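J.: sequence first, predicted coordinates after that:
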Amino acid sequence: MPVNEPAKPVFDVDRRKLLRSGLSLGALTFLTGCDISDNDTVQSVFAEISQWNNLVQGALFGGARLAPEYPESMAVKDFRYNAWYHADQSPQLSAADYKLELAGLIDNKKPWRVNDLYALPQKSQVTRHVCVEGWSMIGKWTGTPLSEFLKRVGADTTAKYVGFACADGYYESIDMATALHPQTIMAYQLSDQILPVKYGFPFKIRIPTKLGFKNPKFVTAIYVTNRNPGGFWVDRGYNWFSGI
Amino acid sequence: MKTVKISASTHDIQEHPLLVRIAHWAQALAIIIMVGSGWRIYNSDPIFDNFRFWQWATLGGDPPVAKIAHMDPGVANALNWHFSGLWLLLASYLLFIIHGLVSGHFRRDFLPLNLPGLIRDFISALTFKLSHRLGAYNHVQRAAYWGVLFAVLMMFVTGLAIWKPVQLSWLTWLCGGYPTARVLHFIFMSGICLFIIVHVTLVALVPKTLVAMVLGRAAEPIHTAETSHAGE
């Protein structure tokens, strides 16, 4: 072996080597380019891992741990509208005809009218709404704790899930621990105003411990069940627990 | 330290135990998944108004297909990649860190590291006078490896702050609040990308390092002790 061969200056940037490094980078990007996301097997692996992530998040969730609250001055007045349809296509529910239906493991399934709902004891919160896309916004919501409502109607709070059906075709479901969380409310007001149509009149479920899409608007039915009802976005590949 | 190396002056040898190679390639794959999917998620709501990542460089499937299956431009897929890849990254990162600390790999190969050495090697590198000895890292390389390990750690920290701003609100607070934690997540991602560009370029210039990281061993019969620091 040649012992005294001069050391190769390694940083001799020649064209061939540059090309080679370029190709390596190209290979890297190609790896991401040949995207297998839509493959059926990949989708079912995603579903399995999402189940695991539900378990992890359920374990991380503290039933008494509160979402940070902010001074009222930080609450945004002109709250961002977000849905898969335009705001002017929002369902216009009339307070006179509206009825909240109850179903499943609930003792008293008598439907509720808007005025009866609005007469229930209420609490306000100034909390951060966090969207799965990444944006977030602080708002002030006022309404009845869902736990209070579930108690009044005699819901089986040992059941696993609470489901929601909405007037715009949306549907959602949450774990019972989150349903009973003190900051999970049936929000009748945003920024001290009766919930405007596009934000979900007559009420939305406001859950500051979950991502935005887990906060259904235009709720027309609440039900208690032991079978996971899924959700509009959950059934389209989004994680079900989606706690924050 | 140097005199020890002279005794092996006929060969520069780079060796990587199997555990290191597995952890390295698993981290490489996981980082490609995390960055690619992270860019698709970023694009759904850019932090910087006029900046979106090139669609082809992101991970999350074909947008027209995703539009039908998920009613989005591939965000559900990207989120699934991100929250799957994170477990691969966590496992391989922990494997690498624990092995590096226990085996003495970090102490042996990434230390000592000091400012005079860093400045000297950095200037040598800028003036193309820094020689590369297979199996021995200069101060710039050592700093880069510590830096990227720290950046990945901070990706976990800022990622947790974004994922759990309520359950881990103290962590989000430490990161400066939710919006700031997102920016920090972006900044540490950029640092990792910068590392990858330099790392891959250098590997392309010294391909034997790739041989060592794949097969476990590479040797170069090049030099004697005098040539170890051409800049000195």
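T.: Yes, it's here.
J.: now for chain B, the helix or strand with the poorest mean pLDDT.
T.: Between all helices and strands in chain B, the lowest mean by mean pLDDT, DSSP states H and E belongs to helix B:2-6, at a mean of 42.
J.: chain center to the following helix or strand past it: distance?
T.: Note on helix B:2-6: by DSSP states H and E, the next helix or strand toward the C-terminus is strand B:12-15. Mean-position distance between strand B:12-15 and its chain equals 21 Å (CA atoms, centre = their mean, to the nearest Å).
J.: buried set for the helix or strand just after strand B:12-15?
T.: The helix or strand immediately downstream of strand B:12-15 is helix B:18-44, counting by DSSP H and E. Neighbour-count burial for helix B:18-44, counted by 16 or more other CB atoms under 10 Å in any protein chain shown, picks out B:20, B:23-24, B:26-28, B:30-44. Glycine gets a C-beta too; all of them are placed from N, C-alpha and C.
J.: now check whichever strand in chain A runs longest, is it near chain B?
T.: When chain A is parsed with DSSP state E, its longest strand is strand A:136-145. Yes. Using CB under 8 Å from any CB of the partner chain, strand A:136-145 reaches chain B at A:S136.
J.: who does that strand touch, helix- and strand-wise?
T.: strand A:123-130, strand A:185-190 (3 or more CB pairs under 8 Å, 6 or more residues apart in numbering or on different chains; DSSP states H and E).
J.: between the first one and strand A:136-145, how many degrees?
T.: This means strand A:123-130. In terms of direction (axes from the mean of the first three to the mean of the last three CA atoms, to 10 degrees), strand A:123-130 departs from strand A:136-145 by 150 degrees.
J.: for strand A:123-130, buried residues please.
T.: By neighbour count on 16+ other CB under 10 Å, the buried set for strand A:123-130 is A:S124, A:Q125, A:V126, A:T127, A:R128, A:H129, A:V130.
J.: ok, and what's touching stretch A:75-95?
T.: Contacting residues not belonging to stretch A:75-95 are listed as A:114-115, A:126, A:129, A:131, A:135, A:137-140, A:167-168, A:190-191, A:197-199, A:201-202, A:212, A:217-218, A:220, B:71 [CB atoms under 8 Å, 6 or more residues apart in numbering or on different chains].
J.: buried members of those residues into ChimeraX, please.
T.: Buried residues within the contacts of stretch A:75-95, by 16+ other CB under 10 Å, are selected in ChimeraX with:
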select /A:114,126,129,135,138,139,140,167,168,190,191,198,199,201,202,212,217,218,220
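J.: let me know the pLDDT of A:P6.
T.: pLDDT for A:P6: 47.
J.: anything in the helix ranked longest in chain A near chain B?
T.: Of all segments of type helix in chain A, defined using DSSP state H, the longest is helix A:40-60. Yes. Counting by CB under 8 Å from any CB, contacts between helix A:40-60 and chain B involve A:V45, A:F46, A:I49, A:S50, A:N53, A:L60.
J.: next SSE downstream of that helix?
T.: By DSSP H and E, the next helix or strand past helix A:40-60 is strand A:101-104.
J.: which parts of chain B are helices?
T.: So, for chain B - with DSSP H - the helices run B:2-6, B:18-44, B:63-70, B:75-103, B:105-109, B:115-126, B:139-163, B:169-174, B:178-205, B:208-215.
J.: mind listing what's buried along the longest one?
T.: Neighbour-count burial for helix B:75-103, with 16+ other CB under 10 Å as criterion, is recorded at B:75-86, B:88-89, B:92-93, B:95-96, B:99-100.
J.: what does stretch B:53-68 give?
T.: Using 16+ other CB under 10 Å as the test for burial, stretch B:53-68 gives B:T58, B:L59, B:G60, B:G61, B:D62, B:P63, B:A66.
J.: repeat for stretch A:230-241
T.: Applying a neighbour-count criterion of 16+ other CB under 10 Å, one finds A:G231, A:F232, A:W233, A:V234, A:G237, A:Y238, A:N239, A:W240, A:F241 buried in stretch A:230-241.
J.: the second one: which element?
T.: Going back to what we said before, that points to A:F232. Here A:F232 is covered by no helix or strand, with elements defined by DSSP H and E.
J.: for it, which non-adjacent residue is spatially closest?
T.: A:Y170 (4.9 Å; CB to CB, 6 or more residues apart in numbering or on different chains).
J.: picking that back up, just put the helices and strands packed on strand A:136-145 in TSV and tack on distance to B:D12 and mean pLDDT.
T.: Output for these, formatted as TSV (distance: least, CB to CB, whole Å; pLDDT from 0 to 100):
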stretch	distance to B:D12	mean pLDDT
strand A:123-130	52	98
strand A:185-190	67	98
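J.: can I get these in TSV with distance to B:I123?
T.: TSV is the format used below for those (distance: least, CB to CB, whole Å):
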stretch	distance to B:I123
strand A:123-130	46
strand A:185-190	60
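J.: wait, which of these is closest to chain B?
T.: strand A:123-130 (6.3 Å; CB to the nearest CB).
J.: that closest one close to chain B?
T.: Yes. Using CB under 8 Å from any CB, strand A:123-130 reaches chain B at A:R128, A:V130.
J.: and the contacts of that strand?
T.: With contacts defined as CB under 8 Å, 6+ apart, strand A:123-130 is touched by A:67-72, A:74-75, A:79, A:136-145, A:183, A:185, A:206, A:208, A:211-212, A:215, A:244, B:165, B:178.
J.: if we go to 6 Å?
T.: Outside strand A:123-130, the residues that touch it by CB atoms under 6 Å, 6 or more residues apart in numbering or on different chains are A:67, A:69-70, A:72, A:75, A:136-142, A:183, A:208, A:211-212, A:244.
J.: what strands line up against that strand, and which way round?
T.: Take DSSP bridges as the rule and strand A:123-130 pairs in its sheet with strand A:136-145 (antiparallel).
J.: got the CA coordinates for whichever helix or strand comes after the strand it pairs with in PDB?
T.: Sequence-wise, the next helix or strand beyond strand A:136-145 is helix A:146-152, with elements assigned using DSSP H and E. Only the C-alpha atoms of helix A:146-152 are listed here, as PDB (Å, rounded to 0.1, in the frame of the first residue of the first chain):
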ATOM      1  CA  LEU A 146     -72.200  20.100  28.900                       C
ATOM      2  CA  SER A 147     -71.700  18.100  32.100                       C
ATOM      3  CA  GLU A 148     -74.400  20.100  33.800                       C
ATOM      4  CA  PHE A 149     -76.800  19.400  30.900                       C
ATOM      5  CA  LEU A 150     -76.000  15.700  30.800                       C
ATOM      6  CA  LYS A 151     -76.700  15.500  34.500                       C
ATOM      7  CA  ARG A 152     -80.100  17.300  34.100                       C
END
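J.: having no further points to raise, I will conclude here.
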